[in-house]
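**Q** any chance you can model this:
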Amino acid sequence: GSGTFVTECDLSSAFGMGLITVSEEDVLDVLEFRRYFECGNIEMFLKNAAREDVEALEKYYDVMCRAAEQNDMDAFYMADYHFHDIIAQGTKKPFILQISKILTGLMMQHQRSLNYYIGPEVGLEYHRHILKAIKEGDRELASLYMRKHIDAAISEVRSVNDKEKEKKNES
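**A** Numbers count the residues shown, from 1 in each chain. Below you'll find the model as predicted:
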């Protein structure tokens, strides 16, 4: 008589079944959500992460650097994905990790295209600053750099969208 209660929810199954999709127009909305979500993850990461989590971030940042040197954008993209995944894992909050995986899955194809458009330089710069602030234990600075990182991605998506619209209008 008091309603139905959900005690467990596996959101990844909704994503895996194709119930959640993202269109080109939704990419900005997802990035804007990530702006706050990722900043919160950084703060929880610094509260809960183990030394091994920070070492894993260093490992994936190094992979990003090598991939950029070799102009291997697929390897760069995957290392970027793992970097953010390690931050979510380091929060030690299973629900946060699940949401992070869904967001990454939604953005995967769009993010890959974006990385090809903008190249690795911006990502490397922000990830370097984020990692440095994490290693120094500075939650505020790490969160600020994460916000700037997501803001740069939003700016690039808008720029790419504007260029695509111009091409269509010229046709």
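**Q** right, and Lys101 touches His82 too?
**A** No: counting by C-beta atoms under 8 Å, Lys101 stays clear of His82, with 11.7 Å between them. For glycine as for every other residue, the C-beta is placed from the backbone atoms N, C-alpha and C.
**Q** how about the strands of this structure, start to end?
**A** In the chain, no strands are defined using DSSP state E.
**Q** where does the prediction get shaky in it?
**A** 1-24, 109-118 (pLDDT under 70).
**Q** going along the chain, name the helices of it.
**A** Taking DSSP state H as the test, the helices found in the chain are 11-16, 26-48, 51-69, 73-90, 94-118, 121-135, 139-170.
**Q** mean neighbour count added to the ones you listed, as CSV?
**A** Below are the helices of the chain laid out as CSV (neighbours: other C-beta atoms under 10 Å):
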stretch, mean neighbour count
helix 11-16, 13
helix 26-48, 18
helix 51-69, 16
helix 73-90, 20
helix 94-118, 16
helix 121-135, 18
helix 139-170, 15
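**Q** quick one, what contacts the spatially most central residue of the chain?
**A** Centroid check for the chain by C-alpha atoms, centre = their mean gives His84 as the closest residue, at 5.3 Å. Residues in contact with His84 (C-beta atoms under 8 Å, 6 or more residues apart in numbering) are Glu38, Ser100, Thr104.
**Q** what's the closest of those residues to Leu141?
**A** Glu38 (14.4 Å; C-beta to C-beta).
**Q** show the contacting residues for the closest one.
**A** So Glu38 contacts His84, Ile87, Met146, Arg147, His149, Ile150 (C-beta under 8 Å, 6+ apart).
**Q** go again using 10 Å as the cut-off
**A** 31, 45, 84, 87-88, 100, 103, 130, 143, 146-147, 149-150 (C-beta atoms under 10 Å, 6 or more residues apart in numbering).
**Q** pipe the residues you listed into CSV and attach distance to Met78 per row.
**A** As requested, these are exported to CSV (distance: C-beta to C-beta, whole Å):
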residue, distance to Met78
Leu31, 19
Phe45, 20
His84, 11
Ile87, 15
Ala88, 15
Ser100, 15
Leu103, 16
Ile130, 18
Ser143, 24
Met146, 19
Arg147, 23
His149, 17
Ile150, 19
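**Q** got the CA coordinates for stretch 43-59 in CSV?
**A** Taking Å, rounded to 0.1, in the frame of the first residue of the first chain, the C-alpha atoms of stretch 43-59 are listed here in CSV:
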residue,chain,number,x,y,z
GLU,A,43,36.9,15.6,-5.2
MET,A,44,35.7,12.1,-4.1
PHE,A,45,38.7,10.6,-5.8
LEU,A,46,41.0,12.7,-3.7
LYS,A,47,39.1,11.6,-0.6
ASN,A,48,39.0,7.9,-1.3
ALA,A,49,41.6,6.9,-3.9
ALA,A,50,44.5,4.6,-3.1
ARG,A,51,48.1,5.2,-4.2
GLU,A,52,47.6,2.6,-6.9
ASP,A,53,44.7,4.7,-8.4
VAL,A,54,47.1,7.7,-8.8
GLU,A,55,49.7,5.4,-10.3
ALA,A,56,47.1,4.2,-12.8
LEU,A,57,46.3,7.8,-13.7
GLU,A,58,50.0,8.4,-14.3
LYS,A,59,50.2,5.3,-16.5
